[in-house]
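S.K.: Quick one, fold the following:
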Amino acid sequence: MALEPEVLVVGGGATGVGVARDLALRGVDVTLVDRDGLCGGTTGRSHGLLHSGARYADSDPEGAAECLAESRILRRIAGGCVRETGGLFLELAGDDDAYFGAKRAACESVGIPVEVVDSATARDRVSGLSADLERAMRVPDAVVFPSRLVAATALDADRHGATIHTHAPLESLTVRDGAVTEARVGGRFDDVIRPDYVVNAAGAWAGSVAELAGVTVAMQPTRGVMVSVAYEGLGPVLNRCRNPADGDIVVPHRKEVVLGTTSVPVRDPDDYATPHREVETTIAECAAMLPAVAERPIVRRWWGVRPLYAPDETDRGGRGISRGFVRIDHAADGVTNLATIVGGKLTTHRLMAESVADLVCDRLGVDAPCRTADRELPAVDDPDRLDRAVAAFDGAGPADADVVDVDDVGAEQ
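M.R.: Numbers count the residues shown, from 1 in each chain. I've put the predicted structure just below:
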């Protein structure tokens, strides 16, 4: 028997699950489907940085301000899904002095707290930093555990009536008279859904979902490698203070650090090269900031694919000097009950969800405010329960595999 929810959300990453939570809290009947477990795409394959906005302050002040505000919200509502570390932007010998100054001024303009320290002070506070360090700038970066964050968000969506189907790939969309009337879903679900509205939150795969409805979402996914090496004791996130380039970030985990990353365009987010030279380049570049990582054993490595919107990437000239998000109302394309949300970053997923939920509620005539910024997520201070939820939603990913333990828990929701 076909389901007939008010809204169908396609995609179980942070944004899609965030949309389901937001709509459920507004009293909307929502069903979410994902072809894999939750967090199986870009979200679960990130480096786990909770952005302060400093990385984008000079290139995209509006996006940086969003990061700052959203990182503060996540600290309030996500509790144990976030680890406070702070961050350092490092200027090494030969780096552009003017870039450091521009970065500092941009952060201050946005309202991002900064503190400039000399190299000796930085090395006293953080052991192992490069002898080539000239100066550093402290910013309020942090680390987020994506698998737990998505699981906690899904728990809240479920608690408020959302239905979540994992391993349920969308196979087709039927459009009649300018509206999606039916979605055929396979896998474990293997049935038909007849929604009033559809949200395409499929990330790097959003273009393929849009094609099923006969509309175009031009995506330009890029692959990026992450390399986790054994290393204990690093406190803050390390960022190279230069124009975005390969191997310019080191993210501390429990007994590891994650080194990242590259940015290489790919045609197919399911089929792309994973050359070892990207691993070598990333290690070598990150070792310029923290030399010991060059000699530490690799624990694991993985690639993620960023869900970048092609027109934005063209405007910015290629490599992501910004990570804004784009909401597309396909009524302009002749499909009145379909919207797509793409781009953005894990830090701003809640805001992305709010944006598209506002649109959906306007179209459905639902008069209810967004409540996601003020409600604490469930179980965020109970790691064992969170890990049971990760297991229940099959949401474990490589980004936080050293933290999340799903091997010794029973799955429950």
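
S.K.: ok so residue 389 is a strand residue?
M.R.: No - counting by DSSP: H, G, I helix; E, B strand; the rest coil, residue 389 falls outside a strand, being helix.

S.K.: wait, isn't residue 116 in contact with residue 135?
M.R.: Yes - counting by CB atoms under 8 Å, residue 116 touches residue 135, with 6.3 Å between them. Heads up, the C-betas are built off the backbone N, CA and C, glycines and all.

S.K.: Compare the two (neighbour count), which wins?
M.R.: residue 135 (19 against 15; other CB atoms under 10 Å).

S.K.: Contacts only, for that one.
M.R.: Applying CB atoms under 8 Å, 6 or more residues apart in numbering, we find residue 135 in contact with 91, 100, 116-119, 122.

S.K.: Kindly report the same for residue 171.
M.R.: Contacts for residue 171 (CB under 8 Å, 6+ apart) come out as 184-186.

S.K.: and it, what helix or strand is that in?
M.R.: Using DSSP states H and E, residue 171 falls within strand 170-176.

S.K.: ok now that strand, how far from the chain's centre?
M.R.: Strand 170-176 sits 27 Å away from the centroid of its parent chain (CA atoms, centre = their mean, to the nearest Å).

S.K.: So what are the sheet partners of it and their directions?
M.R.: Using DSSP bridges, the strands paired with strand 170-176 are strand 179-185 (antiparallel).

S.K.: List the contacts of the partner strand.
M.R.: By CB under 8 Å, 6+ apart, the list of residues contacting strand 179-185 reads 2, 8, 10, 33, 165, 168-175, 191-195, 198, 213, 335-338.

S.K.: rerun that using 7 Å as the cut-off
M.R.: Strand 179-185 is contacted from outside by 8, 33, 168-174, 191-195, 198, 213, 335-338, using CB atoms under 7 Å, 6 or more residues apart in numbering.

S.K.: Same question for stretch 49-67.
M.R.: 68, 71, 74, 82, 87, 89, 102-103, 106-107, 109-110, 112, 139-144, 237, 239, 249, 251, 321-324, 345, 347-348, 351.

S.K.: List the buried residues for stretch 132-149?
M.R.: Buried residues in stretch 132-149, defined by neighbour count with 16 or more other CB atoms under 10 Å: 133-149.

S.K.: Mind putting the contacts of residue 135 into JSON lines with distance to residue 365?
M.R.: Below are these laid out as JSON lines (distance: CB to CB, whole Å):
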{"residue": "91", "distance to residue 365": "54"}
{"residue": "100", "distance to residue 365": "51"}
{"residue": "116", "distance to residue 365": "52"}
{"residue": "117", "distance to residue 365": "54"}
{"residue": "118", "distance to residue 365": "59"}
{"residue": "119", "distance to residue 365": "60"}
{"residue": "122", "distance to residue 365": "55"}
